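Asks: How does the following fold in three dimensions:
(chains A and B)
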Protein chains: 2
Amino acid sequence: MHYADGKTTPCQDVLPSQVKGCSDLNTSAFIHRMIEAERPDLIVFTGDNIFGLDATDAAKSLEEAFAPAISSGIPWAAVLGNHDQESTLSREGVMKHVVGLRNTMSKLNPSEVHGIDGFGNYNLEVHGVEGSGFENKSVLNFFFLDSGDYSTVPSIPGYGWIKPSQQLWFQRTSMSLRKAYTNNPAAQKGPAPGLVYFHIPLPEFASFDSSNFTGVRQEGISSASVNSGFFTTMMESGDVKAVFTGHDHLNDFCGNLMGINLCYAGGFGYHAYGKAGWSRRARVVVATLEKTEKGEWGAVKSIKTWKRLDDHSLTGIDGQALWSKSASGSRRKKVIGGS
Amino acid sequence: MHYADGKTTPCQDVLPSQVKGCSDLNTSAFIHRMIEAERPDLIVFTGDNIFGLDATDAAKSLEEAFAPAISSGIPWAAVLGNHDQESTLSREGVMKHVVGLRNTMSKLNPSEVHGIDGFGNYNLEVHGVEGSGFENKSVLNFFFLDSGDYSTVPSIPGYGWIKPSQQLWFQRTSMSLRKAYTNNPAAQKGPAPGLVYFHIPLPEFASFDSSNFTGVRQEGISSASVNSGFFTTMMESGDVKAVFTGHDHLNDFCGNLMGINLCYAGGFGYHAYGKAGWSRRARVVVATLEKTEKGEWGAVKSIKTWKRLDDHSLTGIDGQALWSKSASGSRRKKVIGGS
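Replies: Presented below is the predicted three-dimensional model:
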């Protein structure tokens, strides 16, 4: 969102005809429109929620940025970007403030792990339908991680990355969820699908070209300048079907690398750099449940995604399947997110 | 070493004139010669100590392989390769047997860490000279890791890699050693230099060409097909000056990437593939102490390396400096190793 001080904070990179009266409030209006159009079950914010350098008061800026989500009554979650701490609160301070806001599912960090790097590493479970064999286990797993801000190693330039402590937490959490999912009742053969959200794209996002992704790449991939191994860790865990990041505003693609979809959430905020005439956008993710042979709601059978543009009709674009399991029946969980 | 059954196990890829009578015993003889020539303070074996598929009895094969080191009375250390477990013992079984052998500094795993991946993850401290301000802290750190054997992820082909649990252990151990080193007495500004030994080269070994390494590259870099992030983790720790791996037999180079030397130990064993007419070889590493202003022995001031060929005169080649700290005075610690 790159939210700063609200209506006094101007938009960047919009058409000359759009400049007048354009402010952070346009970002808020876009959230409202997305919520109305999609009525999601969860709203995810992929970092740089506020643009710290221009935000006079970080707490106030955060409250205003998340206000449309809060007032919708829909659960929401957020991770930190690289700009959130550049105002009056530290990264820890920002995340602590976020977890205290209404209706959020965000958490500061796992309570059972000592000394994890960063703030805002947590997971959310989506349990199966009440009364079904899946009601006491997670059929869809969300993982949220702090990908840091900038490298603290003098000889490594550029952005931060996900550290071994975070990867080990992710790996063990994923393993424990898999155990529950593959045990009775309704023991499944493999793990439940996982969706991972963090701010800074992995170096592996650079492995696509226009022939093998959906969407556009209009700027470089601003990943860390080193490889943190998190892609490998996710591959090994075997449950992750898609990763959603923010950070780059002019890239909005989704590409599949070795079974994991690497996706941008889409440039959302009006006070962030953009491209005049190229609409701000947000990504929608829908997970659909199967019906079991007994006619009960069962596991997730497919995950799809598309984006909506902040134009007159909230045009939907780039619909694609992210993952599917052969099954029948349907019941949907929907998530929207933007960077 | 790729040791199997001793004198009944033939050599591979030697000149026709060398075939007759050539066996594992030539590997043993080479260790003897290296020890006599260099009188090292520590001997390191970088994995594939035995070639399991051809070893009738893993325990016996291990005992014979390490016998020259054991009988020299010099401390020695070993890590696992990808072939050690292919005989009558599992990876855990091999490492348990190794740590029970005489004069070894090898350890099964850190006792304070729960659930670390692999076997043979441990570190060794080399304390400063007795009576100096450095006698109670490590001036040179060795880290040994199990880089695994093969990928266990169906969609990832090829070799194993160093996992988050191991990287976190390495990172925390390095940090704790740095604390001791930068505290009084003889508080140092930075960390003591670290040397890291494991079997399978990192993907970053492929970032050199003949213009920026010393030695030769005569075959592909057989790293894992994915990046585990361990290079990044070592960069972040800031103490590692060189990494020594085995695995590839026809590559023997050392190249410096962002301050870390990525080195092959050198193809050593006669029952391993090699190249006829291209001598088996081993790498020597020498750390030299500085003298402090008071005339006492102090910190490590430089680390150098060269290789020796198993030819008539154990020819030394490819001498190079790996690291230096500006200082004066000298006292040396020497390590030899082969793959």
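Asks: mind listing the helices in the stretch 201-339 of chain A by residue range?
Replies: Under the criterion DSSP state H, counting those that start in this stretch, the stretch 201-339 of chain A contains helices at A:230-237.
Asks: number of nearby residues for the one residue in the stretch 151-300 of chain A that gets nearest to chain B?
Replies: Here the stretch 151-300 of chain A gets closest to chain B at one residue, residue A:229, 2.3 Å apart by CB to the nearest CB. (C-beta placed from N, C-alpha, C; glycine too.) By other CB atoms under 10 Å in any protein chain shown, 28 other residues sit near residue A:229.
Asks: Same check on residue A:294?
Replies: Neighbour count for residue A:294, taken as other CB under 10 Å: 8.
Asks: can you pull the pLDDT of it?
Replies: Listed pLDDT for residue A:294 reads 85.
Asks: ok, now how distant is it from residue A:134?
Replies: Remark: distance between residue A:294 and residue A:134 (CB to CB, to the nearest Å) = 12 Å.
Asks: Okay, the most centrally placed residue in chain A and residue A:37: tell me how far apart.
Replies: Residue closest to the mean C-alpha point of chain A, counted by CA atoms, centre = their mean, is residue A:197 at 3.9 Å. Counting by CB to CB, the separation of residue A:197 from residue A:37 is 21 Å.
Asks: Could you do residue A:292 as well?
Replies: 31 Å.
Asks: Count the neighbours of the nearest residue to residue A:93 once chain neighbours are set aside for me.
Replies: Spatial nearest neighbour of residue A:93, chain neighbours left out: residue A:58 (7.2 Å); criterion: CB to CB, 6 or more residues apart in numbering or on different chains. Around residue A:58 there are 20 other residues, counting by other CB under 10 Å.
Asks: And the pLDDT for residue A:58?
Replies: Per-residue confidence (pLDDT) for residue A:58: 98.
Asks: can you list the residues of chain A near chain B?
Replies: Residues of chain A lying near chain B by CB under 8 Å from any CB of the partner chain: A:152-153, A:155-156, A:161, A:163-165, A:167-168, A:171, A:203, A:224, A:226-233, A:235-236, A:238, A:258-259.
Asks: Which helix or strand contains residue A:66?
Replies: Taking DSSP states H and E as the criterion, residue A:66 maps to helix A:58-72.
Asks: residues contacting the nearest residue to residue A:260 once chain neighbours are set aside?
Replies: With CB to CB, 6+ apart as the criterion, residue A:260 has its nearest non-adjacent residue at 5.5 Å, and that residue is residue A:240. Counting by CB atoms under 8 Å, 6 or more residues apart in numbering or on different chains, residue A:240 touches A:143, A:174, A:193-196, A:234, A:260.
Asks: what does residue A:24 give?
Replies: Taking CB under 8 Å, 6+ apart, we find residue A:24 in contact with A:1, A:3-7, A:9, A:64-65, A:269-271.
Asks: 10 Å instead, please
Replies: Applying CB atoms under 10 Å, 6 or more residues apart in numbering or on different chains to residue A:24 gives the contacts A:1-11, A:50-51, A:54-55, A:61, A:64-65, A:269-271.
Asks: now do residue A:20
Replies: A:10-11, A:14.
Asks: And the residue nearest to residue A:260, what's its pLDDT?
Replies: Note for residue A:240: predicted pLDDT of 98.
Asks: Report the beta-bridge partners for it.
Replies: Following DSSP bridges, residue A:240 is listed with bridge partners residue A:194.
Asks: separation between the residue lying farthest from the centre of chain A and residue A:131?
Replies: Each residue of chain A has a distance to the centre, and by CA atoms, centre = their mean the biggest one is for residue A:294: 34.3 Å. As judged by CB to CB, residue A:294 and residue A:131 stand 11 Å apart.
Asks: For the biggest helix by length in chain A, list every residue counted as buried.
Replies: In chain A, assigned by DSSP state H, the helix with the most residues is helix A:164-182. Neighbour-count burial for helix A:164-182, with 16 or more other CB atoms under 10 Å in any protein chain shown as criterion, is recorded at A:164-174, A:177-178, A:181.
Asks: go on, stretch A:315-324?
Replies: Neighbour-count burial for stretch A:315-324 flags A:318, A:322-323 (criterion: 16+ other CB under 10 Å).
Asks: and what of stretch A:207-225?
Replies: In stretch A:207-225, counting by 16+ other CB under 10 Å, buried: A:208, A:213-215, A:217, A:221-224.
Asks: cool, and stretch A:92-106?
Replies: Neighbour count says stretch A:92-106 has A:93-95, A:97-99, A:101, A:104-106 buried, by 16+ other CB under 10 Å.
Asks: Stretch A:225-235 spans what distance, first to last residue?
Replies: This stretch, stretch A:225-235, spans 21 Å end to end (CA to CA, to the nearest Å).
Asks: Any buried residues in that stretch, and which?
Replies: Quick answer for stretch A:225-235 (16+ other CB under 10 Å): A:226-235.
Asks: Show me the two of these that sit farthest apart.
Replies: The two members of these with the most space between them (CB to CB) are A:226 and A:235, at 18.1 Å.
Asks: quick revisit: please pick the buried ones from the contacts of residue A:24.
Replies: Among the contacts of residue A:24, those classed as buried by neighbour count (16+ other CB under 10 Å) are A:1-6, A:9-11, A:50-51, A:54-55, A:61, A:64-65, A:269-271.
Asks: tell me the mean pLDDT over stretch A:137-146?
Replies: Averaging pLDDT along stretch A:137-146 yields 98.
Asks: Repeat that for stretch A:33-42.
Replies: Here stretch A:33-42 scores 98 as its mean pLDDT.
Asks: got the CA coordinates for that stretch in CSV?
Replies: What follows is stretch A:33-42 as a C-alpha-only set of coordinates in CSV (Å, rounded to 0.1, in the frame of the first residue of the first chain):
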residue,chain,number,x,y,z
ARG,A,33,-13.8,-1.8,-4.0
MET,A,34,-11.9,-5.1,-3.9
ILE,A,35,-13.7,-6.2,-0.7
GLU,A,36,-17.1,-5.4,-2.2
ALA,A,37,-16.3,-7.1,-5.5
GLU,A,38,-14.8,-10.3,-4.1
ARG,A,39,-16.1,-10.6,-0.5
PRO,A,40,-12.9,-12.6,0.5
ASP,A,41,-12.5,-14.8,3.6
LEU,A,42,-9.1,-13.4,4.3
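Asks: How about residues contacting it?
Replies: Under CB under 10 Å, 6+ apart, the answer for stretch A:33-42 is A:43, A:68-69, A:71-77, A:105, A:124, A:126, A:140, A:142, A:268, A:281-287, A:306, A:308, A:310, A:313-314, A:316, A:332-338.
Asks: returning to that earlier point: among the contacts of residue A:24, which are in helices?
Replies: Reading helices off the contacts of residue A:24 with DSSP H, I get A:61, A:64-65.
Asks: Generate TSV for the residues you listed, with pLDDT as supplementary columns.
Replies: Formatted as TSV, the ones in helices among the contacts of residue A:24 follow (pLDDT from 0 to 100):
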residue	pLDDT
A:61	98
A:64	98
A:65	98
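Asks: Could you export those to CSV, including columns for distance to residue A:25?
Replies: Compiled in CSV, the ones in helices among the contacts of residue A:24 are given as follows (distance: CB to CB, whole Å):
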residue, distance to residue A:25
A:61, 13
A:64, 9
A:65, 11
